[in-house]
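> need a structure here:
(chains A and B)
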Number of protein chains: 2
Amino acid sequence: MDLIAELPKGNRRALARAITLVESTRAQDRDAASELMAQLPHDRQALRIGLSGTPGVGKSTFIESFGLHLTAQGLRVAVLAVDPSSARSGGSILGDKTRMEQLSRDPNAFIRPSPSQTQLGGVARRTREVVRLCEAAGFDVVLIETVGVGQSETMVADISDVFALLMAPAGGDELQGVKRGIMEIADLVIVNKADGDLKAAATRTCADYAGALRLLRKRSGDPVGFPKASMVSALTAHGLDEVWADIKALRDFRQQSGFWQTRRQDQDQRWFDQELHFGLLELLHSDPKSARIVEEAREAIHQGTRTPVRAAAQILASFRKT
Amino acid sequence: MDLIAELPKGNRRALARAITLVESTRAQDRDAASELMAQLPHDRQALRIGLSGTPGVGKSTFIESFGLHLTAQGLRVAVLAVDPSSARSGGSILGDKTRMEQLSRDPNAFIRPSPSQTQLGGVARRTREVVRLCEAAGFDVVLIETVGVGQSETMVADISDVFALLMAPAGGDELQGVKRGIMEIADLVIVNKADGDLKAAATRTCADYAGALRLLRKRSGDPVGFPKASMVSALTAHGLDEVWADIKALRDFRQQSGFWQTRRQDQDQRWFDQELHFGLLELLHSDPKSARIVEEAREAIHQGTRTPVRAAAQILASFRKT
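Numbers count the residues shown, from 1 in each chain, chains lettered A, B, ... in the order given. So this is what the prediction gives:
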């Protein structure tokens, strides 16, 4: 299949194949992937929405509901998962797509599980490329979801145009274990399950987050009222239109102010920095002798018999000679 | 002067010279510094206290007061400044030591301004080494201060055993622009200026921070009551004994639980990672051809004419050949 010809037509099978190519670690595939990435058209941009939420907040239900809300308007939606822990668990957080049964059957939707962590910084690197592939395939919205393990939220935020945090109604007076630092990058805090018995709790939780967001420093590049807390019921689809209106308002404001373009350019520079960083480490580790010395150095540092500076200097000196 | 012989005697002139050596960027000095670092005795540990606070919170007054409080007990105190912006401002945040007039004349104190940012990741790398030098010179406490620009707080926290955030009394109901993510790493939030007209405001602010800290997730490795908010008057020295008691309580608890040693070992591994990271980038940039290509690549990425992945791959391929 001629991927470069088929992708712009929105061929989902071509997209799936292109992603598999990009995620492959075989040297020959890597070259083909690099070639493909270089040939992608650059005239298409999707709205990239990052979404984080811990297990139990109803993330799958929300994505299914929100995705269907968008495809019903004729928009084409891609859903990508980022799970840096998937190497350990051996599986993907999207599982077999049964999590989003209706959306996965929608011809205007494309769902792709998280790749395994097979190389240094792999998930972030590959996800950036997959986002580009989805844009080339003409998707209007790319939703990038993460469970928020470790640095994954920061990583997803750095790939997204808009970052949303999905929460569940809380019981008491505590802001449920939001990792500190996450509120800083959230554009939207969305309280889910605002239905039935939980509606009152959701209203209270939403007010709590609205208060917490007000305490935080105003960011440049944001319209009045953002970052914003709102509530939805993914079950009844109530509030989804408001979330979508908020996201569009944010997009329009940022595009007009130039913040949008600057942010994407900055993201590209960081992407480049990371490619260089991991690429250099790969060069180092691809030399078996260097790789062995690195492991020995780690052990010596752990034992306290070698200083980190000394250990690194020795490795770099030996690397330079090869 | 035989630095390796003089340092363990606590010779302050030897310490100053050793630091100058370590901060030097001359290749010959770098080798001598590396040699010196490798020969340092490893049997001495200081209590490393990180301290952050924005301009205006009375950081210099606090350090002077707190430093004198410690030297009065016979402890030897080193004060280091970390200011990642000092390359731009051209000066150091510690200026000419007039900021801490009494402490700088104290024979049991040693004050060292922030080095200029002359190389990649330079300030963090050199500060880690300077901390080790101070330990070798028999200092009991190393106080590492930062103004909290950019990533400097995270960096200082990663060098410290205990991290404290100094705040001023706030006027209203807002938690004054604490960078989000910083509360996460603070062991102590210290509200300064709890004296005179500001005492009531300081009491209220301290209660606010105590409340905010309670909202945050409990960390493992901490005794009951930590992270903790307290208040002091650097001017009258009121509350300094409590801050010191808190720090010692934290130290004792963590040393007994093993958290202390684990944290230092983890810090050493990250130090090693960073040395490798920056060392590899230096290797790349030390080749004039590679350095020029990197700059061209940045520009092309900015213009959107080259993708970050492609640009990085080209550079790595050319680097491998040299």
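> Strands of chain A, start to end?
Using DSSP state E, the strands of chain A run over residues A:47-52, A:77-82, A:109-112, A:141-146, A:162-167, A:188-191, A:228-231.
> distance of A:C206 from chain B?
According to CB to the nearest CB, to the nearest Å, A:C206 and chain B sit 16 Å apart. Quick note: C-beta positions are derived from backbone N, CA and C, even for glycine.
> Isn't that residue up against A:S230?
Yes. If you go by CB atoms under 8 Å, A:C206 and A:S230 touch, sitting 6.7 Å apart.
> I'd like the average pLDDT over the longest helix along chain A.
The longest helix of chain A (DSSP state H) is helix A:259-286. Per-residue pLDDT over helix A:259-286 has a mean of 88.
> What residues of that helix count as buried?
Neighbour counts over helix A:259-286 (16 or more other CB atoms under 10 Å in any protein chain shown) mark A:259-260, A:267-268, A:271-272, A:274-281, A:283-284 as buried.
> Now narrow these to whatever sits close to chain B.
A:268, A:271-272, A:275-277, A:279-281, A:283-284 (CB under 8 Å from any CB of the partner chain).
> What are the buried residues along stretch A:288-301?
A:290, A:293-294, A:297-298, A:300-301.
> restrict these to contacts with chain B.
Near chain B, by the rule CB under 8 Å from any CB, you find A:294, A:297-298, A:301 out of the buried residues of stretch A:288-301.
> Output the below-cut-off pLDDT ranges for the stretch 51-200 of chain A.
For the stretch 51-200 of chain A, the stretches flagged by pLDDT under 70 are A:84-98, A:116-123, A:148-150, A:171-181.
> Turn the strands of chain A into JSON lines, columns for distance to chain B.
Below are those laid out as JSON lines (distance: least, CB to the nearest CB, whole Å):
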{"stretch": "strand A:47-52", "distance to chain B": "15"}
{"stretch": "strand A:77-82", "distance to chain B": "17"}
{"stretch": "strand A:109-112", "distance to chain B": "19"}
{"stretch": "strand A:141-146", "distance to chain B": "17"}
{"stretch": "strand A:162-167", "distance to chain B": "13"}
{"stretch": "strand A:188-191", "distance to chain B": "13"}
{"stretch": "strand A:228-231", "distance to chain B": "15"}
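> Ok, which of those comes nearest A:R13?
strand A:109-112 (10.4 Å; CB to CB).
> What's the separation between A:K199 and B:Q151?
Remark: distance between A:K199 and B:Q151 (CB to CB, to the nearest Å) = 42 Å.
> more crowded one of those two?
A count of neighbours by other CB atoms under 10 Å in any protein chain shown puts A:K199 above the other of A:K199 and B:Q151, at 15 against 12.
> The more buried one and chain B, how far apart?
Distance of A:K199 to chain B, given as CB to the nearest CB: 24 Å.
> can you check A:T54 too?
Distance from A:T54 to chain B, by CB to the nearest CB: 12 Å.
> I'd like to know how many residues surround that residue.
Using other CB under 10 Å, the number of residues around A:T54 comes to 17.
> go on, A:R48?
Around A:R48 there are 23 residues (other CB under 10 Å).
> How about the contacts made by it?
Neighbour list for A:R48: A:131, A:142, A:144, A:159-162 [criterion: CB atoms under 8 Å, 6 or more residues apart in numbering or on different chains].
> switch the cut-off to 10 Å
A:78, A:80, A:131, A:134-135, A:139, A:141-144, A:156, A:159-163, A:264, A:267 (CB atoms under 10 Å, 6 or more residues apart in numbering or on different chains).
> swap in A:G74?
Residues in contact with A:G74 (CB under 10 Å, 6+ apart) are A:108, A:140.
> at 8 Å instead, please
Per CB under 8 Å, 6+ apart, neighbours of A:G74: A:N108.
> do you know how far it is from A:R48?
Taking CB to CB, one finds A:G74 at 19 Å from A:R48.
> that older thread, which of the buried residues of stretch A:288-301 scores worst on pLDDT?
Among these, pLDDT bottoms out at A:S290, giving 79.
> doesn't A:I315 make contact with that residue?
Yes. At 6.5 Å, A:S290 counts as touching A:I315 under the criterion of CB under 8 Å.
> All set, thanks.
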